[in-house]
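# predicted model, plus sequence, below.
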Amino acid sequence: MSSPLQNTAAWLPTKQAKPFQIGPADVPALKPREVLIKTHAVAINPADAGIQNLGLLWEKYPIIIGCDLAGEVVEVGDEVDASRNIRKGDRVLACVEKGAFQQYCAAAVELVAKIPEHVSYAQASVLPAGLSTAAVSLFHEEGMRLELPSLEPKPNGQVIVVWGGSSSVGSCGIQMLVAAGYEVFATAGAKNATYCEELGATRVFDHKQEGVEEEIVEAVKGSGKRFGGIFSAIMTLDVMNTVVRLADKLGHDEQSRTVGTVVPPDMPVFPLPGLPSGVKLAFCRGPTAFVQESELAAMLGWSKRPVSHIGRAVFEEWLTPALEAGLLKCKPEPQVVGGGLEKVQDACDMMSDGVSATKLVVVLEGK
């Protein structure tokens with residue numbers, strides 16, 4: 001008879017607490033459409049460091065945060081459809097709203113995907129949040145409404161601009177857009193130009209270069225391709241103003257004048273005033289769009305919105321075979337900070353200091 005599972009977590013005991021406290025935690029009770037994962041690696045996102053530094057107004061402490069993980073399935077919920085082909089013992093990646101920083105984590109099956117044997121847990125952990133965030137903004141009916149990625153991409157004659165191509169979300173966005181048949185023009189720092197080209201961008205513009213806005217406009221107009229829109233994988237007020245101007249100059253219909261964005265911690269989730277006529281900011285509501293039961297969606301009043309088919313299209317139908325075929329790479333490259341939950345604090349501190357074209361990873365066990 002097997003012994004009961006014992007769980008340990010990196011806790012935030014109070015708002016803005018430092019460091020994380022490593023201690024026992026209950027093994028998550030599975031909901032019908034969840035799987036229980038033994039966590040082998042977790043990746044750190046800017047939001048994780050931001051939550052620790054700023055705190056969450058709507059959460060009750062203590063809490064376990066983190067949203068990117070990879071590991072082994074140890075239990076499957078009663079309503080996990082057999083067609084999902086997720087079974088005990090599978091190596092998977094997963095995106096969760098919170099709770100990744102623990103040894104055992106429950107994840108909604110809609111945001112779980114198997115990983116090939118040649119992909120390590122550390123590599124796989126860099127993908128889930130970036131991929132799901134980019135997918136919502138690019139393909140969701142409330143976002144840019146672009147064509148979905150394919151395993152047999154065919155050029156569609158359109159060009160998309162990705163602002164922040166070397167970020168985690170931008171890296172995933174470039175790859176999915178290329179797999180959907182789009183030509184991609186990206187912005188990045190000069191040192192990351194080759195990196196973006198390796199992901200599939202055909203032109204990379206230095207976002208710090210004076211006159212970059214005009215350079216992008218000229219390049220798009222001279223490409224012979226139809227402008228399909230602009231996706232901002234990072235979002236500050238300066239960047240927002242720039243991408244809005246680009247959409248105004250290049251957009252020719254409602255879809256191409258819709259700017260896909262991510263939601264930063266310091267900006268409201270509602271339409272902003274002062275936009276040019278016809279330009280719309282489509283704020284991403286993240287992975288909550290993909291799952292049937294979401295605490296965050298319920299809190300923000302989104303729970304009555306229908307679950308998007310995009311999650312199934314990307315996580316179930318495309319992600320695993322795309323990794324196997326090399327159409328999707330685990331980028332940015334993982335930078336392993338160390339082993340054990342004790343290293344989560346070091347990784348969050350490094351994230352607060354800033355990283356470029358890399359994703360910080362903590363390995364809990366295995367490869």
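Perfect, I can see it now.
# for this protein, longest helix please?
helix 237-250 (DSSP state H).
# show the subsequent helix or strand relative to that helix.
As assigned by DSSP states H and E, the chain's next helix or strand after helix 237-250 is strand 258-261.
# what lines up beside that following strand in the sheet?
strand 226-232 (parallel), strand 280-283 (parallel) (DSSP bridges).
# out of those, which gets nearest to residue 172?
strand 226-232 (10.8 Å; C-beta to C-beta). All C-beta atoms are positioned from the backbone trio N, CA, C, and that covers glycine.
# and the angle from the closest one to helix 237-250?
Taking axes from the mean of the first three to the mean of the last three C-alpha atoms, to 10 degrees, strand 226-232 and helix 237-250 form an angle of 170 degrees between their directions.
# C-terminal to the least confident helix or strand in the chain by mean pLDDT, what's the next element?
Every helix and strand in the chain was compared by mean pLDDT, DSSP states H and E; the lowest is helix 295-299, with a mean of 52. Stepping forward along the backbone from helix 295-299, the first helix or strand reached (DSSP H and E) is helix 310-311.
# for that next one, name the packing helices and strands.
Based on contacts counted as 3 or more C-beta pairs under 8 Å, 6 or more residues apart in numbering; DSSP states H and E, the elements that helix 310-311 packs against are helix 128-139.
# quick check: angle from the helix it packs on to strand 226-232?
Between the axis of helix 128-139 and that of strand 226-232 there is an angle of 140 degrees, by the same axes, to 10 degrees.
# and helix 128-139, what's its mean pLDDT?
Confidence over helix 128-139 (mean pLDDT, whole number) is 93.
# same question, stretch 235-242
Confidence over stretch 235-242, taken as the mean pLDDT, stands at 87.
# buried sites along that stretch?
With burial defined by 16 or more other C-beta atoms under 10 Å, the residues of stretch 235-242 counted as buried are 235, 239-240, 242.
# pick out the most distant pair among these.
In those, the most distant members under the criterion C-beta to C-beta are 235 and 242, with 10.8 Å between them.
# now the strands for the stretch 51-200 of the chain?
Counting by DSSP state E, counting those that start in this stretch, one finds strands in the stretch 51-200 of the chain at the ranges 68-76, 91-95, 104-108, 112-114, 158-163, 183-188.
# tell me which other helices or strands the first one touches.
Right, strand 68-76. With contacts defined as 3+ C-beta pairs under 8 Å, 6+ apart, the packing partners of strand 68-76 are strand 34-43, strand 91-95, strand 104-108, helix 121-124, helix 128-139.
# got the angle for that strand vs strand 34-43?
Relative orientation of strand 68-76 with respect to strand 34-43: 150 degrees, computed using the same axes, to 10 degrees.
# can you pull the buried residues of strand 68-76?
Neighbour-count burial for strand 68-76, with 16+ other C-beta under 10 Å as criterion, is recorded at 68-73, 75-76.
# what is the nearest of the residues you listed to residue 121?
Sorting the buried residues of strand 68-76 by how near they are to residue 121, with C-beta to C-beta, puts residue 70 at the top with 4.3 Å.
# go ahead and confirm that closest one touches residue 114.
No - proximity of residue 70 to residue 114 does not meet the contact threshold set by C-beta atoms under 8 Å, at 10.6 Å.
# overlap of the contact sets of the two?
In the contact map built from C-beta atoms under 8 Å, 6 or more residues apart in numbering, the residues linked to both residue 70 and residue 114 are 91-92.
# distance check, residue 215 against residue 182.
Separation of residue 215 from residue 182 (C-beta to C-beta, to the nearest Å): 20 Å.
# between these two, which one's more packed in?
residue 182 (26 against 15; other C-beta atoms under 10 Å).
# residue nearest the centroid of this structure?
If you average the C-alpha coordinates of the chain and look for the closest C-alpha using C-alpha atoms, centre = their mean, you land on residue 130, 1.8 Å from that point.
# identify the residues contacting residue 6.
24, 27, 103.
# please, a ChimeraX command that selects the buried ones among those?
Applying 16+ other C-beta under 10 Å to the contacts of residue 6 leaves a buried subset, and the ChimeraX line that selects it is:
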select :27,103
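# and the closest residue to residue 234 other than its chain neighbours, what's its pLDDT?
Setting aside the residues directly before and after it, residue 234 is nearest to residue 164 in space (C-beta to C-beta, 6 or more residues apart in numbering), at 3.7 Å. The score at residue 164 is 97. That number is its pLDDT.
# residue 164: how many residues sit nearby?
One way to gauge burial is a neighbour count; for residue 164, by other C-beta under 10 Å, it gives 24.
# would you confirm that it contacts residue 236?
No - counting by C-beta under 8 Å, residue 164 sits too far from residue 236 to count as a contact (9.9 Å).
# per-domain residue ranges of the protein.
Domain assignment for the chain by automatic domain parsing gives 7-127+330-363, 132-287.
# dump those to TSV, plus distance to residue 320.
Formatted as TSV, the entries for the domains of the chain read as follows, by distance: least, C-beta to C-beta, whole Å:
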stretch	distance to residue 320
domain 7-127+330-363	5
domain 132-287	10
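# those domains: lowest mean pLDDT?
Ranked on mean pLDDT, the bottom entry among these is domain 132-287, at a mean of 91.
# mind checking which of the domains of the chain is nearest residue 312?
Among the domains of the chain, the nearest to residue 312 by C-beta to C-beta is domain 7-127+330-363 (6.9 Å).
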